[in-house]
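S.K.: Next input, structure requested:
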Amino acid sequence: MLELSCFFILLLFLFCYFYTKSFFHPSVIICSVWGGLLLAYSFFDHPLYDLSNRFFYVLWLWILPFCLCSLAFSRRVIKISCKIKSNDFNAEVFKKLYPYVIGFSLCFIFLFIFYSRGEIAAIRELLLEEELPPLLKLGFYLSSFFSIYTFYAILNYKYLSKKKIVMLLVLILIISLLKSNKTSFIALFCGILYCLYKNGKLRIKYLLISILVLLGLVSLVSIGRADYNFESDSGVLNFVYIYTLSPLTAFDSLINNEITISEGTIGSSTFTFLYKILAIFGIPLKFSDLGTWVYVPLPTNVFTTLRGFYMDFGCWGVTLISAFLGSIWGVLYKFQEKNYGIFVMFYASMVFSLFIQFFGDYFFYTMSVTIQYLFFSFLLQSKFKVKKKLHQNKK
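M.R.: Here you go, the predicted structure:
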């Protein structure tokens, strides 16, 4: 079943690519990611358990509706407000914001170092606390804006000096490193590659450099956090398997009832952000246990993006949410293809979630961040101007 699925996903990938002629179309990304992982699962001599037929059944319930709906909606003509269509670079606003972005970024970095005493392991412990210091909380909200602002700069590089763009990239990289979160690196690098692709500047050498830098930063964070022993036999290979292939095995074990995870209230695994808001108003809700560690036999605590949808609504839920999410991504692709500025930046900030569907859900589960990205994209691309008061001397 593994080899057969690889073959059909390859066919679907070729169809999607030749139909869209874009490597950044949602359907093409989904097919390439899942197909590549299944090929790796088949080719490499890893210690993970074999995948069951039920896994491939559920996986196809996810891939096929997503691809078909994203293809269909990316070809539909959708009318929107002319104000949203704007793609003009607001140089005046960018220049006004630049010193504030640099200043707040430096302050955020200083706060991280201050609260963690400059140790990556201590940063991780700090972030795992239930209540962060208020200034750090504010910094996290602003860091979402910094990411959008950086993508905005790269997309409009023709109007800016290279020094400004390099400064933004260096600061956002340092912030991502201090967050001690591998997903931050992936989100940043996927966004940068998309911006280069959108500008027609993506080259093989840039792709290879990005992959090498990304692997280096991920390894650096893992070493700093001391969450993995690289000195053991097959340590490096097992590290790669844990972060790429083990989520597939873990999800397979979950759907075959070989492991048990606290489910919580129906819908809490998918619409966590909404449920947390409802809980604030005293509505009694139980949330599923997200960070459960299982052994397959390598240790992992992630179960692919399908975990929440399957736990909440079963196979029908996987199919319906796949179609719904595929439709959303199809519309987003259509809008960015038309160069609607808001959606170009939003696509740049969210495209990473397609590349790491094998890891987790970064669209619904982290809905607060998704909303922030959309809001900040709208804020930067909106047609407001910085007004200046002209004082005239009266004679």
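S.K.: Residue 263 contacts residue 269, doesn't it?
M.R.: Yes - using C-beta atoms under 8 Å, residue 263 makes contact with residue 269 at a distance of 7.3 Å. Where you see a C-beta, it was placed from the backbone N, CA and C, and this is true even at glycine.
S.K.: what's the overlap in contacts for these two?
M.R.: 288, 311, 312 (C-beta atoms under 8 Å, 6 or more residues apart in numbering).
S.K.: I'd like to know which elements the helix ranked longest in the chain is packed against.
M.R.: The helix spanning the most residues in the chain, taking DSSP state H as the definition, is helix 306-337. In terms of contacts (3 or more C-beta pairs under 8 Å, 6 or more residues apart in numbering; DSSP states H and E), helix 306-337 is packed against helix 26-43, helix 53-73, helix 246-255, helix 341-350.
S.K.: The third one - what's its average pLDDT?
M.R.: So the one you mean is helix 246-255. For helix 246-255, the mean per-residue pLDDT is 94.
S.K.: Which residue ranges of this protein form strands?
M.R.: For the chain, applying DSSP state E gives strands covering 294-295, 299-300.
S.K.: Present those as CSV; the columns should include mean pLDDT, distance to residue 167 and mean neighbour count.
M.R.: Listed next are these as CSV, based on pLDDT from 0 to 100; distance: least, C-beta to C-beta, whole Å; neighbours: other C-beta atoms under 10 Å:
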stretch, mean pLDDT, distance to residue 167, mean neighbour count
strand 294-295, 89, 43, 16
strand 299-300, 88, 37, 18
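S.K.: can the ones you listed go into a markdown table with extra columns for distance to residue 356?
M.R.: Formatted as a markdown table, the strands of the chain follow (distance: least, C-beta to C-beta, whole Å):
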| stretch | distance to residue 356 |
| --- | --- |
| strand 294-295 | 19 |
| strand 299-300 | 14 |
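S.K.: now stretch 21-32: how far from the chain's centre is it?
M.R.: 15 Å (C-alpha atoms, centre = their mean, to the nearest Å).
S.K.: Just the endpoints, please. Distance across that stretch?
M.R.: 14 Å (C-alpha to C-alpha, to the nearest Å).
S.K.: Quick one: residues in contact with it.
M.R.: So stretch 21-32 is in contact with 9-10, 12-13, 16-17, 20, 63, 66-67, 70-71, 74, 194, 197, 326, 329-330, 332-333, 351, 354-355, 357, going by C-beta under 8 Å, 6+ apart.
S.K.: Now restrict those residues to buried residues only.
M.R.: Buried residues within these, counting neighbours by 16 or more other C-beta atoms under 10 Å: 9-10, 12-13, 16-17, 20, 63, 66-67, 70-71, 74, 194, 197, 326, 329-330, 332-333, 351, 354-355, 357.
S.K.: how near is the nearest residue to residue 50 once chain neighbours are set aside to residue 161?
M.R.: Excluding the flanking residues, the one nearest residue 50 by C-beta to C-beta, 6 or more residues apart in numbering is residue 2, at 8.0 Å. Distance, residue 2 to residue 161, by C-beta to C-beta, to the nearest Å: 51 Å.
S.K.: Between these two, which has more neighbouring residues?
M.R.: Remark: of residue 2 and residue 161, residue 2 carries more neighbours, 15 against 9, as counted by other C-beta atoms under 10 Å.
S.K.: Just to check, the more buried one is in contact with residue 53?
M.R.: No - at 9.6 Å, residue 2 does not count as touching residue 53 under the criterion of C-beta under 8 Å.
S.K.: if we can go back for a sec, the longest helix of the chain to helix 26-43, inter-axis angle?
M.R.: Orientation of helix 306-337 against helix 26-43 (axes from the mean of the first three to the mean of the last three C-alpha atoms, to 10 degrees) gives an angle of 140 degrees.
S.K.: what angle separates helix 306-337 from helix 53-73?
M.R.: Going by the same axes, to 10 degrees, helix 306-337 makes 20 degrees with helix 53-73.
S.K.: Name the residues of helix 306-337 that come out as buried.
M.R.: 306-313, 317-319, 321-323, 325-327, 329-337.
S.K.: Give me the neighbour count for the closest residue to residue 207 other than its chain neighbours.
M.R.: Counting by C-beta to C-beta, 6+ apart, residue 207 lies nearest to residue 193, which is 6.8 Å off, once chain neighbours are set aside. Using other C-beta under 10 Å, residue 193 is surrounded by 21 other residues.
S.K.: Kindly state the domain boundaries assigned to the chain.
M.R.: The chain breaks down by automatic domain parsing into domains covering 2-76+245-340+356-366, 91-225.
S.K.: Compare those domains and say which comes out lowest on pLDDT.
M.R.: domain 91-225 (a mean of 83).
S.K.: sorry, back to before: what about residue 263 and residue 269, which has more around it?
M.R.: Between residue 263 and residue 269, counted using other C-beta under 10 Å, the more crowded position is residue 269 (27 against 14).
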